[in-house]
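**Q** Got a predicted structure plus its sequence, pasted below:
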Amino acid sequence: MDLNKALRLAIDTGNVHLGSRQSCRAIESGNAKLVIIASNCPEEATDSAKNGKTPVHSFSGNNSALGAACGKPFPISAVTILDGGKSDVLTLKAD
């Protein structure tokens with residue numbers, strides 16, 4: 001699976017939150033189905049994601065690369081998938 005294409009399709013057709021603060025909120029509320037974190041994601045968001053019951057996938061690039069993969073012109077530290085839509089992004093294995 002091409003993660004970049006899967007992320008863009010999830011953003012276009014599903015329900016996705018961008019950013020570490022929104023990720024923390026979605027994890028705490030139990031709505032998150034998958035969290036994808038950049039290699040330089042803030043520690044508090046990483047800890048929150050890994051301590052919860054939500055699967056976490058570590059993105060190989062930094063926040064600028066994750067932002068580009070999402071089709072955004074700004075850095076993104078974390079992407080939270082609430083609903084994958086037509087994307088197969090939820091089949092990613094947690095790290």
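**A** Alright, I've got the coordinates.
**Q** Every contact and neighbour count from this point should use C-alpha atoms.
**A** Noted.
**Q** Give me the longest strand you can find in the protein.
**A** In the chain, assigned by DSSP state E, the strand with the most residues is strand 78-83.
**Q** Does anything pack onto it? Which helices or strands?
**A** For strand 78-83, the elements it packs on are strand 15-18, helix 20-29, strand 34-37, judged by 3 or more C-alpha pairs under 8 Å, 6 or more residues apart in numbering; DSSP states H and E.
**Q** one more time with 10 Å, if that's ok
**A** Secondary-structure packing of strand 78-83 (3 or more C-alpha pairs under 10 Å, 6 or more residues apart in numbering; DSSP states H and E): helix 3-13, strand 15-18, helix 20-29, strand 34-37, helix 43-51, strand 56-58, helix 63-69.
**Q** lowest average confidence, helix or strand, in this protein?
**A** helix 43-51 (a mean of 78; mean pLDDT, DSSP states H and E).
**Q** which regions of this structure sit below the pLDDT cut-off?
**A** For the chain, applying pLDDT under 70 flags the ranges 95.
**Q** mind running it again at 80?
**A** The model of the chain has pLDDT under 80 over residues 1, 44-46, 48-50, 52, 93-95.
**Q** Tell me who's in contact with the most centrally placed residue in it.
**A** In the chain, the centroid-proximal residue (C-alpha atoms, centre = their mean) is residue 79; its distance is 2.4 Å. Neighbouring residues of residue 79 by C-alpha atoms under 10 Å, 6 or more residues apart in numbering: 7, 11, 16-20, 22-23, 32, 34-38, 57, 59, 66-67, 70.
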